[in-house]
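Chemist: pasting the structure only:
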C-alpha cells in the first residue's frame, strides 16, 4: 500500500463522506438498525452517532486499519458495544445467522465482488433480519450512464476503488434479498456521482426465486426522482 492510500486517502474519504446529502441519508437509514448490527465498510465511524437505543452491539467491519482507527476514536461516547473487525466484506468472520441488521452506506461502490460481499451479509443475517442500504450508483439516464462508465476507471484509482456504474438494486437482488423499500433519485451535485439508491431488504430463503420477488428492482428502470 502506497503513501497516498495509507496516509492521504483515508482522510479524503472521511471528509468526503460528511457532506450534507450523504449525512442526510445516514440520518434516515441508520436509526432503523436494531439488535446486533454488522456495518460493512464502516470507514471512519460516521454512522456511529445515528444508531438508536435499540442497538445492542455494532460490529464495524472495514479493510482499512487507518479508517478503523478513526472509528475507534469516535466510539468513546457510544451507548452500545462496539467491536472492530479489520477484515474483508467478501469473507465476513461471523457464523451463520448471528446478526439482526446489516448496514451499508456508500461502500458497495468500492468493494470488489460486491455481490459476493452481499451474499456474505445474507449468510450472517438471522432469518427475517434486515439489510439497510444507502448507496450511489448507476443512473437511469443514458447520457449520465455514459459519463459514469467513462469516468469510473480513473475515479476508481483516485477514490479507493469506487465505481460509479454499479446497479445497486440489482446487486442486492442477485445476492438473495427481497427489496421491501427502495428510493432512487439524483441528489445535489455532479450527476455522474449523485444517483442514490436507499432502502431496506430482507434475506430470502434459499428455496425462493429472487428474480421473481425482485422483478420491480430490475425492470422498469428506477425513476430519476427529482
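Modeler: Looks like it came in fine. This one's a predicted model, so the numbers in the text were calculated from it and none came from an experiment.

Chemist: Please count neighbours and contacts with C-alpha atoms only from this point.
Modeler: Fine.

Chemist: now the strands for the chain?
Modeler: 35-40, 55-62, 81-86, 99-105, 125-136, 177-186, 195-203 (DSSP state E).

Chemist: does residue 59 really touch residue 86, like I thought?
Modeler: No - taking contacts as C-alpha atoms under 8 Å, residue 59 lies outside contact range of residue 86: 10.2 Å.

Chemist: Point out where the protein drops to low pLDDT.
Modeler: 1, 3-20, 207-226 (pLDDT under 70).

Chemist: picking up where we left off before, any chance of TSV for the strands of the chain, columns mean neighbour count?
Modeler: Below are the strands of the chain laid out as TSV (neighbours: other C-alpha atoms under 10 Å):
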stretch	mean neighbour count
strand 35-40	24
strand 55-62	21
strand 81-86	16
strand 99-105	24
strand 125-136	23
strand 177-186	19
strand 195-203	22
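
Chemist: Dump those strands into JSON lines; add distance to residue 46 as well.
Modeler: Shown next, in JSON lines, are the strands of the chain (distance: least, C-alpha to C-alpha, whole Å):
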{"stretch": "strand 35-40", "distance to residue 46": "11"}
{"stretch": "strand 55-62", "distance to residue 46": "11"}
{"stretch": "strand 81-86", "distance to residue 46": "13"}
{"stretch": "strand 99-105", "distance to residue 46": "10"}
{"stretch": "strand 125-136", "distance to residue 46": "13"}
{"stretch": "strand 177-186", "distance to residue 46": "22"}
{"stretch": "strand 195-203", "distance to residue 46": "17"}
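
Chemist: Out of these, which is closest to residue 113?
Modeler: Nearest of the strands of the chain to residue 113, taken as C-alpha to C-alpha: strand 35-40 at 13.6 Å.
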